[in-house]
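# what's the 3D shape of this:
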Amino acid sequence: MLKTSPVEVVRENDSSSPSNASRAAGGITLAGCSLTILAAFLPVVGKAAFGVSLTTAGLEYADVALTILAITSASIAGVVLIRRPATPVLAGVLLVFALMQLGLAIWAGVSIVHSISAVSADHVFFTAVGTGAYLGVLGSLVTLAAGALAWANRRHE
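Model prediction:
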């Protein structure tokens with residue numbers, strides 16, 4: 001005689017399955033981090049296309065740090081947040097990384113503006129400043145919004 005084996009049924013309110021808000025926070029984090037990573041490569045593209053880059057030696061390190069933070073946040077969101085609900089620790093880590101990204105992006109943008117103000121204003125290229133700086137800040141703000149969404153919908157343990 002055959003015996004039936006127990007089948008695990010996952011209910012909609014099961015705490016181990018991710019909610020739509022957690023998946024949305026993961027997707028938004030991935031989008032924001034993608035914008036931030038793209039912004040880090042724009043000075044290289046600008047140098048190749050126009051022969052001029054507004055990035056100084058000190059800002060290159062900020063771009064590397066910004067890219068590392070964005071890749072780390074995207075990895076956390078892609079591996080953990082999309083698969084299961086956010087825990088308070090995970091949401092907190094995402095918020096801290098997003099705040100660090102935002103701070104670095106704002107610092108880099110302000111440094112570029114200060115560099116431009118030190119140079120004479122007759123350079124036409126300087127009117128196009130901001131694509132990378134604005135995109136870096138925008139990506140960081142999107143990542144911060146995703147971290148806030150993960151925090152608001154975190155699973156209480």
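
# host element of Ser115?
Here Ser115, judged by DSSP states H and E, is contained in helix 88-118.

# The helix or strand following that helix vs helix 88-118, what angle?
Along the chain past helix 88-118, the next helix or strand (assigned with DSSP H and E) turns out to be helix 131-152. Going by axes from the mean of the first three to the mean of the last three Cα atoms, to 10 degrees, helix 131-152 is angled at 160 degrees with respect to helix 88-118.

# Show me what counts as buried in helix 131-152.
132-133, 135-137, 139-144, 146-151 (16 or more other Cβ atoms under 10 Å). For the C-beta atoms, the positions are set from N, CA and C on the backbone; glycine is no exception.

# looking only at pLDDT, what's the mean for the helix holding Ser115?
Averaged over helix 88-118, pLDDT sits at 84.

# list the helices and strands it packs on?
With contacts defined as 3 or more Cβ pairs under 8 Å, 6 or more residues apart in numbering; DSSP states H and E, the secondary structure elements packing on helix 88-118 are helix 20-50, helix 57-76, helix 131-152.

# if I look at the closest residue to Leu135 other than its chain neighbours, how far off is Gly139?
Taking Cβ to Cβ, 6 or more residues apart in numbering, and ignoring the residues beside it in sequence, Leu135 has Ala39 as its nearest neighbour in space, at 3.9 Å. Shown here: Ala39 relative to Gly139, a distance of 6 Å by Cβ to Cβ, to the nearest Å.

# If anything else comes up later, I'll come back, but that's it for now.
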